[in-house]
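Student: Quick one, fold the following:
(chains A, B, C and D, ligands or ions: 2)
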Amino acid sequence: MDDLYRELIIDRFQNPQFRGSLDPNDISFEDDNPLCGDHIRIDLRVGDDDVITEAAFDGRGCSISQASADLVVESVIGKTLAEVKNYTKEDVLDLLGIELGPVRLKCALLSLKVVKAGVYGLNVGEAGDDLIE
Amino acid sequence: MDDLYRELIIDRFQNPQFRGSLDPNDISFEDDNPLCGDHIRIDLRVGDDDVITEAAFDGRGCSISQASADLVVESVIGKTLAEVKNYTKEDVLDLLGIELGPVRLKCALLSLKVVKAGVYGLNVGEAGDDLIE
Amino acid sequence: MTTINQAPKLDIAKIRADFPVLQRQIHDEKPIVYLDSAATSQKPQQVLDAMDIYYQNTNANIHRGIHVLAEEATEQYEGARQRIADFVNAAKSREIIFTRNTTESINLVAYSWGRKNLNEGDVVILTEMEHHSNLVPWQMLAAELNFQLEFISVNETGELDLAAYKELLNLKPKLVSFVHMSNVVGTINPAKEIIRLGHEAGAIVLVDGAQSAPHIPVDVQDLDADFYAFSAHKMCGPTGIGVLYGKEEILLAMPPFLGGGDMIKRVELRSFVSNSLPHKFEAGTPAIAEVIGFGAAVDYLNSIGMDAIAAREHELIEYAHDRLEEVPGVWIFGPSADKKGGVASFTFEGVHPHDVSQILDRDGIAVRAGHHCAMPLHEKFDINATARASFYIYSTEQEIDLLAEGLYKVKEIFG
Amino acid sequence: MTTINQAPKLDIAKIRADFPVLQRQIHDEKPIVYLDSAATSQKPQQVLDAMDIYYQNTNANIHRGIHVLAEEATEQYEGARQRIADFVNAAKSREIIFTRNTTESINLVAYSWGRKNLNEGDVVILTEMEHHSNLVPWQMLAAELNFQLEFISVNETGELDLAAYKELLNLKPKLVSFVHMSNVVGTINPAKEIIRLGHEAGAIVLVDGAQSAPHIPVDVQDLDADFYAFSAHKMCGPTGIGVLYGKEEILLAMPPFLGGGDMIKRVELRSFVSNSLPHKFEAGTPAIAEVIGFGAAVDYLNSIGMDAIAAREHELIEYAHDRLEEVPGVWIFGPSADKKGGVASFTFEGVHPHDVSQILDRDGIAVRAGHHCAMPLHEKFDINATARASFYIYSTEQEIDLLAEGLYKVKEIFG
Ligand SMILES: Cc1ncc(COP(=O)(O)O)c(C=O)c1O
Ligand SMILES: Cc1ncc(COP(=O)(O)O)c(C=O)c1O
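Tutor: Numbers count the residues shown, from 1 in each chain, chains lettered A, B, ... in the order given. Ligands and ions are numbered 1, 2, ... in the order given. Have a look, this model is predicted:
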């Protein structure tokens, strides 16, 4: 198979490393992709200097959305909230290492939307596409 | 000029023979063509055995609608109401002696619609396209 | 195997030659395998030609012009209306109202008939297998007018529960609105019986024919449907044009929907008088070229024959069930093939439909993945999404073979 | 003569070659003289090609599909939206809502914005020169909600009486809705000033741009229009597609209009959540090929340049006034040529406009006769109908000469 279904994605989909939940947590946000019903919740614990110390995700959906969430969660650990606010679409695509059409892009970026909405302290329903541009 | 603007039509338009009104009358009906605002009123006097003894029209509009009214009114004099009920589109086109596209057909047949609606005793607004088929 | 399989064999190669898209190759010269006809069908060159010829020779605004182009355009537009009326056996061409699509057709009924006839406490019956187009308009209206929505339930095999329907009819619904053929489970519902029972209970009945008009012979008079909605783009026609069929006496009693040019008889500053049917419901410059293209599409379908098309698609769905059910992990949602049109929605164990669709796409195979605009049906069966292969006159057994092979590949990738 | 006449000369012969209809001959090989562009424009081959290429190569339903065709179709559709947004200088492409035509755009505002924001006793200001499309939707809504319609009067030369407008603004209207350029008298209204005054009085302002978007440069941000409506078919684009531009914050606050697929985020049996802009207002399968054709049409117009188009049409209308006013018995309705777009509506003493149009048609000259969907304006001036010649980029002085000659012929026939 080509680039698209890189082993990394299948592997992270089938054996996620950060699936779970954090209770208690400092930040928790969830949202879904209405196109396909993909759903992601991300929990964060935040330590001194706004540094993310622990992170976990849960959800359901396609390999791209779930692998992306696993990779995004891994990547935010050790980052400050300000750094996460600056995450872009490209950061996530770099993590995944693949190119995607517009529909799958939405799958890939759901976790970005969720983590940024959480970090910005948005309410449910306020997470717009501006977060993932 | 070709068949279309036969002298008959220009002549009847400019010098109508039955323009006017009948007061009193036995039947009077009026209607218009919403496409262009052509308007026709026809008055009839009906004698024994339902024979039309006198007829007149008034109205405004294009040469086809007005000439057609003049010719239709001329033609119904001496006919019975039953005969007028049987008038068809072809009868009017024969009187005019021309071929017409769909829009001008509506101009030509307005007088037919009016006279038939009157003879059938319809109320204003009840005159439908079934009268001129 | 049912008797309709006895229909005359179609020359599929000849049909395929009419569809330019099917000649296309993608992803390193793989032929395109288009299995997404339930979303929109491909268009034969004949339909494109009809629209080009119109634009290149007679383009003009219709109904009001006296010049040659306007008269020819009007004739072609109204001629297409007549042929589309004949296609579904409407009694009169003025019972055919042109809309953008099935969705607008249903909304027209909701806004015009619904707001006039539905009141607080009234009951409207839908089904659990409706497309969003036959749910959301009624939800919006129910929120405004406070009537009650009830749903005919769908059983495990994706069929309507007619006993439950009969129970619901005791509520004396004002309206029953249901899908003739499901775009998800493929079920062809017993429309004539549903309509008859609805009428007996005093209801007006609307049929969402988006999936039936393209695929099976439809006779609105035989069905006795009060309203029948369908879209050209799913039946070889262009985008941007759909139909609402309505019985004349019902349409006559309805207030207009959109206001503007052409739907009026006369206008003053503060009032207007509506035009006669069908113009009352066609405000503004209509989709003239698209209506003419739709006329060419029904000519095309008639040249093949709707009976033959239904029979052919039946062959295809039987074959597809056979081939897909072979693949371990594949589960086809809905009834057995004999109760269905040419739609196979399925899940694949351990693989999300999006991934199925994406991997198939790499081999040039186009299927759709998602909820297919029928979220409630998916929710009911606790499925987030399905992958859907759907067929039309140009589909082949070989394409279904490629689909099956593709699914084996999916299995391999996801271990 | 005004300064805009200084624009670069267009190569009209080259432009005409792009329009297949103009090559046609009718009535014994007379070339067609198409002077009915205000009703609908002719289409350049480039626009037809764009749609054919779409249908022949990438036809698919949009937004939800993962396969190549669906992704390409989505990109082309949304790409066209962006170019159309740029064409009227909308700040964001999601402020461009696709509808069937100007008429539907205005009805969308009436049904969605109007039913939410207008109440008994409120005031809505229109003008006496509106097209039925900008009258009837408000009449229908006023009958339902009992608000008050007021009309900016039109003076003898077919211009809006701005002093009367300022008076009306004391009524604190909720909405002002007016035509940018009249399709009858051709007047180009001072849109920016009308909008500014409306805003100062607290109103929302809708502009009917059906005749302006095709013919003059339009900048919705500079105008500060809240809504701007226009139709592709009058600007080299296909039938069946129009636009409602709306300011984002206003569109966001509006409830959906039509319910169905694509306009939802999620649906349950009894409730739904609306999708984001622009999808919230685009229910069901949209007019995909038509949007792509519309994109090609704005590309085509841009390649000529809207400034150059406006200047060229200005030349034509000056010339037309000169030539028509020569003909005894002809009276041109509306202001002098310097205040107009390329539309000349006229009466002919002793001859009904239908007869004028029909006699011209025998020479291949297409003009329109009637009330041009503006009955109240005709009533006000006590005219039943007018004949209208209207021009576009492909019109020529020679065609205007033929029109003038034709009118002399009319005079001869009617003695
Ligand atoms: C000024 C004006 N407004 C509105 C319309 C309606 O446009 P459409 O028929 O495309 O909806 C027209 C065209 O007929 C027009 O000229
Ligand atoms: C069953 C059914 N109803 C309604 C629709 C809506 O059709 P359209 O999008 O053409 O309005 C569709 C197609 O998407 C459908 O499959």
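Student: Check the gap between C:E318 and C:G341 for me.
Tutor: 12 Å (C-beta to C-beta, to the nearest Å). Heads up, the C-betas are built off the backbone N, CA and C, glycines and all.
Student: who has more neighbours, these two?
Tutor: The neighbour comparison of C:E318 against C:G341 (other C-beta atoms under 10 Å in any protein chain shown) goes to C:G341, with 26 against 18.
Student: May I have the residues that are in contact with that one?
Tutor: When contacts are counted by C-beta atoms under 8 Å, 6 or more residues apart in numbering or on different chains, C:G341 touches C:181, C:186, C:188, C:211-212, C:215-216, C:313, C:317.
Student: Repeat that for C:H371.
Tutor: By C-beta under 8 Å, 6+ apart, the residues touching C:H371 are A:36-37, C:378, C:384-386.
Student: same thing but at 10 Å, please
Tutor: By C-beta atoms under 10 Å, 6 or more residues apart in numbering or on different chains, the residues touching C:H371 are A:34-37, C:132, C:184, C:353, C:377-379, C:383-386, D:64, D:266-267.
Student: of those residues, buried ones?
Tutor: Burial by neighbour count, 16 or more other C-beta atoms under 10 Å in any protein chain shown: within the contacts of C:H371 this picks out A:34-37, C:132, C:184, C:353, C:377-379, C:383-386, D:64, D:266-267.
Student: what's the burial count for C:D222?
Tutor: Residues lying near C:D222 (other C-beta under 10 Å) number 11.
Student: so how far is ligand 1 from it?
Tutor: 36 Å (C-beta to the nearest ligand atom, to the nearest Å).
Student: my guess is that residue is in a helix, correct?
Tutor: Yes. Checked against DSSP: H, G, I helix; E, B strand; the rest coil, C:D222 lies within a helix.
Student: Quick check: it vs C:A191, distance?
Tutor: 10 Å.
Student: give me the element the residue nearest to the spatial centre of chain A is part of.
Tutor: Residue closest to the mean C-alpha point of chain A, counted by C-alpha atoms, centre = their mean, is A:S111 at 2.4 Å. Using DSSP states H and E, the element containing A:S111 is helix A:102-119.
Student: Quick one: list the elements packing against that helix.
Tutor: Applying 3 or more C-beta pairs under 10 Å, 6 or more residues apart in numbering or on different chains; DSSP states H and E, we find helix A:102-119 packed against strand A:27-33, strand A:38-46, strand A:52-60, helix A:63-76, helix A:81-85, helix A:89-96, helix C:353-362, helix D:68-87.
Student: per-residue confidence averaged over that helix?
Tutor: Averaged over helix A:102-119, pLDDT sits at 92.
Student: likewise stretch C:317-328?
Tutor: The average pLDDT for stretch C:317-328 rounds to 98.
Student: Do it and chain D come into contact?
Tutor: No. Using C-beta under 10 Å from any C-beta of the partner chain, we find that stretch C:317-328 stays clear of chain D, coming within 17.5 Å at best.
Student: tell me which residues in that stretch are buried?
Tutor: Applying 16+ other C-beta under 10 Å to stretch C:317-328 flags C:317-321, C:323-324, C:327 as buried.
Student: Cool, thanks, talk later.
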